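[1] following is a predicted model, sequence given first.
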Amino acid sequence: MGRVLQRIQFSTAFYLLLLFCFQSQVLCSVYKVGDLSSWGLPPSSNKQIYSFWSKYNNLKVGDSIFFLYPPSEDSVLQVTKEAYNSCKIENPILRMNNGNSLFNITSTGEFYFISGTQGHCDKYQKLRVAVGVNGSSTDSSASAPSSDGSGSYPTVFGSIPVQAATSASAFWGVPGFVTGAAIILVLVF
């Protein structure tokens, strides 16, 4: 009878561990705009860099977009579609100017961002993001990246989502399932 009880305890612990592993998964990500670069004027050789970035990152509700830039030189404005198309910096929906700006995606739709510095938007420092919307998440004017590797998005940048820390175990760099296993083992044995 002792072996049967021990086996039941082990099975219970195993299934609780599996359940905890699935519960500790991070379901959202933080995406740095421009990946390896920061939010700034795109190089003349790759003006459509933000359109390509948007195309290659499949954002969803719950994700966040991170803009990194020198606060003394730039800012980020969330604007309407009309202001995006005309590069109008007056009356934005949201102004972010601390150099480490985080935009949380809380709903589906199209989001438009431009530089808050006069003239930068006209030089293609703007970003359109489509979340849960049918169709492409890039500008209709953007062309596909070139395959020769000369300044094309895939060669310069990769998809680098940063997982958000949601627990003490994530903060300390310990996977959630290790922490969960330790807790279950203490409870069972």
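    On my side now, so go ahead.

[2] below-threshold pLDDT in the chain: ranges please.
    The chain contains residues with pLDDT under 70 at 1-26, 134-189.

[3] please redo it, this time with the cut-off set to 50
    Residues of the chain meeting the criterion pLDDT under 50: 17-18, 21, 24, 135-189.

[4] Tyr56: how many residues sit nearby?
    Look at Tyr56: counted by other Cβ atoms under 10 Å, it has 16 neighbours. Glycine gets a C-beta too; all of them are placed from N, C-alpha and C.

[5] same question, the one 5 residues further on
    Val61 sits with 13 neighbouring residues when counted by other Cβ under 10 Å.

[6] and the residue nearest to it when sequence neighbours are not counted, how far is that from Glu73?
    The spatially closest residue to Val61, leaving aside those adjacent along the chain, is Ile105, at 5.6 Å (Cβ to Cβ, 6 or more residues apart in numbering). Taking Cβ to Cβ, to the nearest Å as the measure, Ile105 falls 26 Å from Glu73.

[7] which one's more surrounded, the two?
    Neighbours were counted for Ile105 and for Glu73 using other Cβ under 10 Å; Ile105 has more, 19 against 12.

[8] what backbone torsions are found at that one?
    Phi and psi for Ile105, reported as degrees, to the nearest 10, are phi -90, psi 110.

[9] that one contacts Asn57, correct?
    No: counting by Cβ atoms under 8 Å, Ile105 does not reach Asn57; the two are 11.4 Å apart.

[10] show me where this protein has its helices.
    Along the chain, the segments classed as helices by DSSP state H run 2-23, 49-56, 81-86, 153-156, 168-171, 176-188.

[11] give me the residues contacting the third one.
    Contacts with helix 81-86, where a contact means Cβ atoms under 8 Å, 6 or more residues apart in numbering, come from Lys88, Ile89, Glu90, Asn91, Pro92, Glu110, Tyr112, Phe113, Ile114, Cys121, Lys126, Arg128.
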